[in-house]
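>>> Task: produce atomic coordinates for the following.
(chains A and B)
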2 protein chains.
Amino acid sequence: MILTVTLNTALDITYRVRALRPHTSHRVTEVTERPGGKGLNVARVLAALGHEVTVTGFTGGATGRTVQEQLTATPGLADALVPVAGPTRRTIAVVDTASGDTTQLNEPGPTVTPAEWSAFQEAYEDLLPSMSAVALCGSLPPGVPVGAYAVLVRLARAAGVPVLLDTSGEPLRRGVAARPDLIKPNADELAELTGSHEPLRATQDARRRGATAVVTSLGADGLLAATPEGRWRATPPAHLHGNPTGAGDSAVAGLLSGLVDRLPWPTRLSHAVALSAATVLAPVAGEFDRAAYEELVGRIAVTGEATAA
Amino acid sequence: MILTVTLNTALDITYRVRALRPHTSHRVTEVTERPGGKGLNVARVLAALGHEVTVTGFTGGATGRTVQEQLTATPGLADALVPVAGPTRRTIAVVDTASGDTTQLNEPGPTVTPAEWSAFQEAYEDLLPSMSAVALCGSLPPGVPVGAYAVLVRLARAAGVPVLLDTSGEPLRRGVAARPDLIKPNADELAELTGSHEPLRATQDARRRGATAVVTSLGADGLLAATPEGRWRATPPAHLHGNPTGAGDSAVAGLLSGLVDRLPWPTRLSHAVALSAATVLAPVAGEFDRAAYEELVGRIAVTGEATAA
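Residues are numbered from 1 along each chain as shown, chains lettered A, B, ... in the order given. Coordinates of the predicted model:
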């Protein structure tokens, strides 16, 4: 069982309109909605890959109830979200049908009380012993201390559960210092963490700051990995056109899947890059095209070298 | 007990953002939501005036459940909404904090099946005998026949219950032919119905088309009434600045309240105009400022004459 943590869960709503014009009225021609927040996206991809996944984080109000109903309807996903008094946030992506351009409206989400944060930590500790890996994903909601991920990394390590951290800014900085097994920053997040805009150097530097392994996402150029076992770079066969929403979350799912299956690093990376690319190619944002994944996974170029034993 | 019918119920959500800019991301600073659709707005004002009100129409999905929870939390309102398979629509008003300008996004709402429409008519017939008046309000959702209001007007008349119709376009045209006791068009709706842009003449003409009484809303200029008892015009004391959202629904509530309390027409009209004006003045869209209402109700100028007996 894999655990994903999404402290800032959301209901992601997509509206299609002909073209958004401020201060006018629009008829929405199509409405889609699904549970959102990075950890929930990661969980959905893991479940689609055949893993059993438990999701935790916070849920509240009518929107939280909708998120939970949709999650529990997904085969392979178990709901261990912790209730809060405030309502789970909605995010609305308004897509112009003509151009495909998107306007984003993000609700602030509930403010988590100290008692609710304590209740979460207890629930998390209770879940850890039965997990083979844990992923801590996304931003922190208001009210959760900025060192939250550092606390959760330490609890996972104390329980002997491998922990992946995928966040940014100060929560990432503090979380890295608690020595997670793996972080998966993108180039911007890595530059903010290390001060270096040179990905190879910054990836190495992030390891020195505490992360056992660092896999940096280079967007369409693939992944760059620095691990105790060696350094690699994994590149998709061509530039792919599509919607990059969720591609990073799919990469996280690929890395976690490879971790629990104890695959060698080059194989983990090719799975992660293929999943990420298959997500860009899928017609629905955040889902992956299974046929494209299976076709791509053998065509990912992995270069690099293992550390001398 | 008064019955209000809202076939196209909604959850009205208001977002505040600094300024809406297409194809960028926005942090919503404030979220408010409440049950919407004209009949629900009318019901809320009637309940605030001390009437017992039953609301019916359609409800579906998670949004419908939220609407029902918020309705039943309102003192004086009874929920008799009829379930449908599709989800109740959301409407989102995005208000720019700086300018107050609003951008509207309206979901299409569920398509009502013939079986659901039949179930509604049965429920409506069962409710009618215990009602002192019924208001049929707003647009028709997809799937409901365009002659729906004509059917509902006839059923009310057959049950001996006075019926007010507040809609527009073809549903109004067909509904008027079924001889409702009262319609409350605005100047545009009236012009579309009668072909005349001269309100006094058009108000008279709408009576000839079947409505027993016609009260035309002139916006900030008040109301114009043509009834079997006489013709009147009711005017607020001054142009009022504020948000006109819901002002028409408040006027409908004032007219219905006056009807069931058997007030003379000039009194009904001054109540309706004062409620409408107090809604424009209220800080929250669609609510009325009670102190302003009580202060204004004695200051509405009503001119006109009763028909010779």
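>>> Low-confidence bits of chain A, can you list those?
A:285, A:309 (pLDDT under 70).
>>> List, one by one, the residues from it near chain B.
Proximity of chain A to chain B (CB under 8 Å from any CB of the partner chain) is limited to residues A:15, A:17, A:20-29, A:31, A:62, A:65-66, A:69, A:92, A:94, A:96, A:101-108. The way it works is simple: take the backbone N, C-alpha and C, and place the C-beta from them, glycine included.
>>> Need the buried ones from the residues you listed selected in PyMOL.
Restricted to buried positions by 16 or more other CB atoms under 10 Å in any protein chain shown, the PyMOL selection for these reads:
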select buried, chain A and resi 15+17+20+26+28+31+62+65+66+92+94+96+102+103+105+106+107
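>>> Which element is encountered next along the chain beyond the helix or strand hosting A:A277?
If you go by DSSP states H and E, A:A277 is part of helix A:265-281. Tracing the chain past helix A:265-281, the next element assigned as helix or strand by DSSP H and E is helix A:290-296.
>>> Could you list every helix and strand in contact with that following helix?
Here helix A:290-296 is seen to pack against helix A:265-281 when contacts are counted using 3 or more CB pairs under 8 Å, 6 or more residues apart in numbering or on different chains; DSSP states H and E.
>>> how about a cut-off of 10 Å?
With contacts defined as 3 or more CB pairs under 10 Å, 6 or more residues apart in numbering or on different chains; DSSP states H and E, helix A:290-296 has these neighbours: helix A:38-48, helix A:265-281.
>>> Which ones among the residues of chain A next to chain B map onto strands?
Per DSSP state E, strands hold the following members of the residues of chain A next to chain B: A:15, A:17, A:25-27, A:31, A:92, A:94, A:96, A:102-106.
>>> Would you reformat those as JSON lines and include distance to A:G57?
Below are those laid out as JSON lines (distance: CB to CB, whole Å):
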{"residue": "A:Y15", "distance to A:G57": "25"}
{"residue": "A:V17", "distance to A:G57": "30"}
{"residue": "A:S25", "distance to A:G57": "35"}
{"residue": "A:H26", "distance to A:G57": "32"}
{"residue": "A:R27", "distance to A:G57": "34"}
{"residue": "A:V31", "distance to A:G57": "24"}
{"residue": "A:I92", "distance to A:G57": "20"}
{"residue": "A:V94", "distance to A:G57": "26"}
{"residue": "A:D96", "distance to A:G57": "31"}
{"residue": "A:T102", "distance to A:G57": "25"}
{"residue": "A:T103", "distance to A:G57": "26"}
{"residue": "A:Q104", "distance to A:G57": "21"}
{"residue": "A:L105", "distance to A:G57": "21"}
{"residue": "A:N106", "distance to A:G57": "17"}
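>>> how about the helices in chain A?
Taking DSSP state H to define them, one finds helices in chain A at A:38-48, A:61-72, A:114-127, A:148-158, A:169-177, A:187-194, A:199-208, A:247-260, A:265-281, A:290-296.
>>> rewinding a little: closest to B:L190 out of the ones in strands among the residues of chain A next to chain B?
Closest approach between these and B:L190, by CB to CB: A:S25, at 21.3 Å.
>>> Help me confirm that that closest one comes into contact with A:R18.
No - the criterion here is CB atoms under 10 Å, and A:S25 misses it with A:R18 at 11.8 Å.
>>> Distance check, the closest residue to A:P35 other than its chain neighbours against A:A291.
Spatial nearest neighbour of A:P35, chain neighbours left out: A:V67 (4.5 Å); criterion: CB to CB, 6 or more residues apart in numbering or on different chains. Using CB to CB, to the nearest Å, A:V67 is found at 29 Å from A:A291.
>>> May I ask you to confirm that the residue nearest to A:P35 is in contact with A:A43?
No - counting by CB under 10 Å, A:V67 stays clear of A:A43, with 11.9 Å between them.
>>> shared neighbours, these two?
With contacts defined as CB atoms under 10 Å, 6 or more residues apart in numbering or on different chains, the residues shared by A:V67 and A:A43 are A:T6, A:P35, A:G37, A:V55.
>>> give me the number of residues near the last one?
A:V55 sits with 30 neighbouring residues when counted by other CB atoms under 10 Å in any protein chain shown.
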